[in-house]
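**Student:** pasting the sequence and the predicted coordinates here, then a few questions.
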Amino acid sequence: MNYLHIFANCRLVKGASMSLICDLQLRKYYQIPNDMLEVLEYLADHSLEECVEAYGHENKSTIQTYINFILKHDMGFLDTHIMEELIPLSLTWDAFSEITNIILEISPGTDFEVPFMEELLTLNLSAVEIRSYEKIPFEKLKVVLDKFKFSTVISIKLVLHWDSYCQEKNLKALLESDLRINTMIIHSAPQDKHIKLLRDTAHIFFGKKPLDSCLQCGIIQPSYFSSSIELFSESQLYNTCLNRKLSVDKDGYIKNCPSMANSYGHINSSKLQDILETPAFKQPWAINKDRIEVCKDCEFRYVCTDCRAYTERTHINAEGQDFSKPLKCGYDPYANQWADWSTNPLKQQAISYYQMESLIASQ
């Protein structure tokens, strides 16, 4: 008897028309037919010989092809018996802080010298995104970055408007002076360019296209997918975009995301603890992909980022909770096809609701 053992770090996810194998150790994923997932699940507690008997000898070569795929990609191994000691991977998720990641929109007049920011810095923050839609003096940027110098933050992303100091050598120097900065996106730049640094662990993206507002956020595409144990585990119960997130928009209002309408106070007058004790602020954290229409049938649901700011607005309950598919996702899990979301006739009403017509027209 021959038995296939798939490594615990490789998880199977079934979708409406296709499935996914997520290798959470190597951070890879593979799209497979639903028939293959069914066979692999059967092989979890049956031998290859039993599988052939169950599905028919005429399908033996297909079953062997499925097994060879697993072996070729180092996602499992064959043995002569079921190994009971191979236990499933735990997908429990938690964090040491009520807020783990923040987005700060900055402008020339932004002032973060307020008690709210000091309270925020006492938390075990791990990731920060600093955004600017207009030119920011370099000295102003440095003041904001210096606030995180002695914090627990391990990842910083910068989204900046092109300015004279945004020369390649200057940005490299900034990145090398603070290794927590792993991504820089420079919009409204003279040219499109991508620079990889520090053995491809840090990136600088120059783009000619301007970034005028947060209306341009929320796009769902495969390049944003992540087959990591952290995201996969978190997505089982929580929203992969908003969970443990706090944002401050360019006017100083505190939100779940700068793109969302609801605010819960202002950094000049609000206390962090009051925000954290507001049930409405934490409500979006629990809207995971298994609760969102269409997404719950998608094979990519556990590797995908989400967007609750811009949705199709088709499934809003009596309490105002929005379980609609992200507006800017063009994937149809039932037809297994990607399309341009902005031209979909079924999305035009939502596009009008968010006043995105001129934004789309300029693309």
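**Tutor:** Happy to help now that I have it. Numbers count the residues shown, from 1 in each chain.
**Student:** next secondary structure after the biggest helix by length in the chain?
**Tutor:** As far as residue count goes, and with DSSP state H defining each element, the longest helix of the chain is helix 60-72. Reading on from helix 60-72 to the C-terminus, the next helix or strand found by DSSP states H and E is strand 76-79.
**Student:** by contact count, what packs against that following strand?
**Tutor:** Packing partners of strand 76-79 (3 or more Cβ pairs under 8 Å, 6 or more residues apart in numbering; DSSP states H and E): strand 3-6, helix 60-72. Heads up, the C-betas are built off the backbone N, CA and C, glycines and all.
**Student:** what residues does that strand touch?
**Tutor:** N2, Y3, L4, H5, I6, F7, C10, L48, I67, I70, L71 (Cβ atoms under 8 Å, 6 or more residues apart in numbering).
**Student:** list the neighbouring strands of the helix or strand that that strand is followed by plus their orientation.
**Tutor:** Moving toward the C-terminus from strand 76-79, the first helix or strand encountered (DSSP H and E) is strand 101-105. Strand 101-105 has these partner strands in its sheet, going by DSSP bridges: strand 127-131 (parallel), strand 245-248 (parallel).
**Student:** okay, the longest one in CSV with CA atoms only?
**Tutor:** Going back to what we said before, that points to strand 127-131. Provided in CSV are the C-alpha atoms of strand 127-131 (Å, rounded to 0.1, in the frame of the first residue of the first chain):
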residue,chain,number,x,y,z
ALA,A,127,3.6,48.0,10.5
VAL,A,128,3.1,51.6,9.4
GLU,A,129,2.1,53.1,6.1
ILE,A,130,2.7,56.8,5.6
ARG,A,131,0.9,58.4,2.6
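**Student:** buried residues of that strand, list them for me.
**Tutor:** A127, V128, E129, I130, R131 (16 or more other Cβ atoms under 10 Å).
**Student:** quick one, what contacts F232?
**Tutor:** F232 makes contact with R11, C22, L24, L91, Y302, V303 under the criterion Cβ under 8 Å, 6+ apart.
**Student:** read off the pLDDT value for it.
**Tutor:** What the model reports as pLDDT for F232 is 98.
**Student:** ok, now C295?
**Tutor:** According to the model, C295 scores 98 on pLDDT.
**Student:** before we move on, what about D212?
**Tutor:** The model reports D212 with a pLDDT of 89.
**Student:** what's the burial count for the nearest residue to it once chain neighbours are set aside?
**Tutor:** Take D212 and drop its neighbours on the chain: the residue closest to it by Cβ to Cβ, 6 or more residues apart in numbering is Y133, 5.8 Å away. Using other Cβ atoms under 10 Å, Y133 is surrounded by 20 other residues.
**Student:** ok, now W338?
**Tutor:** Around W338 there are 12 other residues, counting by other Cβ under 10 Å.
**Student:** who's in contact with it?
**Tutor:** W338 makes contact with G330, Y331, D332, according to Cβ under 8 Å, 6+ apart.
**Student:** give me that answer again for 7 Å
**Tutor:** By Cβ atoms under 7 Å, 6 or more residues apart in numbering, W338 lies in contact with G330, Y331.
**Student:** that one and C22, how far apart?
**Tutor:** Note on W338: its distance to C22, by Cβ to Cβ, to the nearest Å, is 19 Å.
**Student:** what about I267, distance to Y302?
**Tutor:** From I267 across to Y302, the span is 34 Å (Cβ to Cβ).
**Student:** who's more crowded, the two?
**Tutor:** Counting neighbours by other Cβ under 10 Å for I267 and for Y302 shows that Y302 has the greater number, 26 against 22.
**Student:** that one touches E234, doesn't it?
**Tutor:** No - with the criterion set as Cβ atoms under 7 Å, Y302 and E234 do not qualify as a contacting pair; they are 9.2 Å apart.
**Student:** from the contacts of strand 76-79, which is closest to S247?
**Tutor:** Minimum distance to S247 across the contacts of strand 76-79 is 34.4 Å, recorded for C10 (Cβ to Cβ).
**Student:** that closest one bridge partners, please.
**Tutor:** D23.
**Student:** on the pLDDT front, check it for me.
**Tutor:** On the pLDDT scale, C10 gets 97.
**Student:** what does C51 give?
**Tutor:** In this prediction C51 is given a pLDDT of 97.
**Student:** would you confirm that it contacts D45?
**Tutor:** No - taking contacts as Cβ under 7 Å, C51 lies outside contact range of D45: 10.5 Å.
**Student:** filter the contacts of strand 76-79 down to the buried ones, ChimeraX style.
**Tutor:** The buried residues among those can be selected in ChimeraX (16+ other Cβ under 10 Å) with this line:
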select :3,4,5,6,7,10,48,67,70
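**Student:** need the contact partners of the lowest-mean-pLDDT helix or strand in the chain.
**Tutor:** Sorting the helices and strands of the chain by mean pLDDT, DSSP states H and E puts helix 357-361 at the bottom, at a mean of 82. With Cβ under 7 Å, 6+ apart as the contact definition, helix 357-361 has outside contacts at L215, Q216, S342, I351.
**Student:** does the first one count as helix, strand or coil?
**Tutor:** With DSSP: H, G, I helix; E, B strand; the rest coil as the basis, L215 sits in helix.
**Student:** need phi/psi at Y55.
**Tutor:** Backbone torsions for Y55, taken as degrees, to the nearest 10, come to phi -100, psi -10.
**Student:** got the domain ranges for the chain?
**Tutor:** By the assignment in the TED database, the chain contains the domains 3-79, 101-307.
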